[in-house]
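*Asks:* Here is the input, now give the coordinates:
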Amino acid sequence: MSSLQTTTSRRAHDGREQLRDGMRRTVQRGRVLASLRVAMVCLAAIIGGLFLVALKDAVFELPVGARLALLIALLIGALGVCIVLALRPWLNKRFNRAAGEQIDHAAEAPQQPVTVGLSLKIDPLDDDSLALILLHRAETRAAEVAHSIKPKQAYPLRRLLRPGGWLALAIGVWLMLVLIFPNQAFTLFARVAMPWGNTPPFSLTQLEPTWTPESPLAGEDVVLSVEPSGLMPESVDWVLLDEKGNEAERFAMTSDGQGGFSHLLSRVQTPIDFRLEAHGRHTRSYTIAPTPSAHTEEDTTEASEDGTTNKPDGSTAFDPDKIARRNLDAHRDWPGIKADLERLLEQLGAAQSLAQSLDPADGKALKALAKKLAELTDQAQLIAGELTAMRGDLPADAAALLDDLAAALTSMQSAALPAPPSAGDAGKTSGQPTPADWLDQVREATRSDQQRIGQGVGPSDLPTESGTASGQPGDGPAFRDPNTSGAYNETNVSGDDGPLPEAVMQQVPPSYRVLVSTYFERLAEDSPKP
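*Replies:* Presented below is the predicted three-dimensional model:
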């Protein structure tokens, strides 16, 4: 090989190295920008996909499994595409040629010197000095253009404007949602981004419950209240949750007439998980956890041998085995059946009070009372059937409680009473009770039935017509001046002494009737006489 050919080959080799050094930084910037473009588009797809899933969940309230499946599919799809396309510029050897075309375009060189310089090969040029000279010139020209164009000129940041616009649009829809529903935007995002969390579904009604006392002691009553905001509901339900977070029972909260709702939880002993629901949408779950009190039972109750406990106010309440009672209270059907039993106890108390006030000569009233007792017997039989149906789902100790309660319902003494005698037939048949004796039998039978059924129901603060708790009937307060018509002689507001209808007095709890009578008397004394 001649010296001319050797020199030309060396210069061609040096020109190629200069071209490669000039391309290196430009190509690296191009690869970074290409990866960022792909990443921004995929991130916009993820954010936009989450928004679409959130809207669908807001309309249809998707279950946890569906939201989790959509989240996994969205992340796998978008991230998979992002990884493949973002790594492609770094692995693709043809990216150098594409970078050369980009430099030619930035330099506005129509002859594409950089592209040509990168495309020429040196293999067949060993013996052709003219070809070597031409190669050297092409690579020298390509190196000059590559060095004259800075990486920022070949790959400016404006190449990210389009993918950045898609990303800004995806973020903008969420910001728009924040402006429209500031309290719900995070809820929507959390339900699709963390479907396993305790996040309520989208709702136009916001319910944030409070309870008093905030840290109750075991055995205390808790008043749960809520002041809805947003779309005002006509009713709010209090939903009791089981250990798995599913609905166990549902109760309608009491409206205060001013938009608020409340619910009384009596004698909270164990933690209670619940949520509120309005317009078909529920809140997140809340827990009321009472603080155990070591002195509560010693200070407030004293156990006796017959299974009852003596309270400080002198009343008694049946206290069965705690474990058996706890097992019974945990059954899903027991709260409804217990409510039916308490209504039955109320009606037995009403029948007992009516038997105290009826005129034995009023045969029509006696027959009406007997008909009422027959209806109570039918109710007791139905409840006993429900107890039998739920018995198989309970442990032996709780099932024994149901057996005693069912026996009390099926063998009510008030159901075994004879037909009421008329005033004309009294005494004609040997052994037949007089109307007055029959009323005494009704009072004793209903009192006994209340006692037996109340022991099975357990402690309760529900007042009955006899003036005691529904679980513990007893002698009510003496009624003043009952007359033959079943009314009470009271002094009314005008100062006239006349009958107060029994229907009115029956609306007053028995323990307050004396106070009500005293109140009317004071009104009569203070009112001016005509």
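*Asks:* Counting residues, which helix of this protein comes out longest?
*Replies:* Taking DSSP state H as the assignment, the helix of the chain that covers the most residues is helix 3-60.
*Asks:* right, and the helix or strand after that one?
*Replies:* Counting by DSSP states H and E, the element after helix 3-60 in chain order, helix or strand, is helix 64-91.
*Asks:* Checking the residue lying closest to Ser262 once chain neighbours are set aside next. Helix, strand or coil?
*Replies:* Nearest residue to Ser262, sequence neighbours excluded (CB to CB, 6 or more residues apart in numbering): Ser225, at 4.4 Å. (Each C-beta comes from the backbone N, C-alpha and C, glycine too.) Taken by DSSP: H, G, I helix; E, B strand; the rest coil, the conformation at Ser225 corresponds to strand.
*Asks:* how distant is stretch 348-363 from the center of its chain?
*Replies:* 47 Å (CA atoms, centre = their mean, to the nearest Å).
*Asks:* ok, now stretch 189-205?
*Replies:* 11 Å.
*Asks:* quick one: average confidence on it?
*Replies:* Across stretch 189-205, the average pLDDT comes to 82.
*Asks:* and it, how far apart are its ends?
*Replies:* 18 Å (CA to CA, to the nearest Å).
*Asks:* Check which residues of it are buried.
*Replies:* For stretch 189-205, burial by neighbour count (16 or more other CB atoms under 10 Å) applies to Phe189, Arg191, Val192, Pro195, Thr199, Pro200, Pro201, Phe202, Ser203, Thr205.
*Asks:* List the contacts of it.
*Replies:* 50, 53-54, 57-58, 61, 64, 67-68, 70-71, 174, 181, 184, 187-188, 228-233, 275, 278-279, 281-285 (CB atoms under 8 Å, 6 or more residues apart in numbering).
*Asks:* Can you flag the buried ones in those?
*Replies:* Looks like the contacts of stretch 189-205 have 50, 53-54, 57-58, 61, 67, 70-71, 174, 181, 184, 187-188, 228, 233, 275, 278-279, 281-283 buried, using 16+ other CB under 10 Å.
*Asks:* Dump the C-alpha coordinates for stretch 106-121 into CSV.
*Replies:* Taking C-alpha atoms only, stretch 106-121 is exported to CSV below (Å, rounded to 0.1, in the frame of the first residue of the first chain):
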residue,chain,number,x,y,z
ALA,A,106,-31.8,20.8,12.8
ALA,A,107,-28.9,22.1,10.6
GLU,A,108,-31.2,22.5,7.6
ALA,A,109,-28.8,20.6,5.5
PRO,A,110,-30.6,19.2,2.5
GLN,A,111,-27.7,17.0,1.4
GLN,A,112,-27.9,15.1,4.8
PRO,A,113,-24.1,15.0,5.4
VAL,A,114,-24.3,13.4,8.8
THR,A,115,-26.6,10.6,7.6
VAL,A,116,-24.4,10.0,4.6
GLY,A,117,-21.2,10.0,6.8
LEU,A,118,-22.7,7.4,9.2
SER,A,119,-23.9,5.2,6.3
LEU,A,120,-20.6,4.9,4.3
LYS,A,121,-18.6,1.7,4.8
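*Asks:* for it, which positions count as buried?
*Replies:* Neighbour-count burial for stretch 106-121 [16+ other CB under 10 Å]: Ala106, Ala107, Ala109, Gln112, Pro113, Val114, Thr115, Val116, Gly117, Leu118.
*Asks:* what ranges of the protein fall below the confidence cut-off?
*Replies:* Scanning the chain for pLDDT under 70 picks out 1-18, 22, 120-131, 293-323, 423-431, 458-530.
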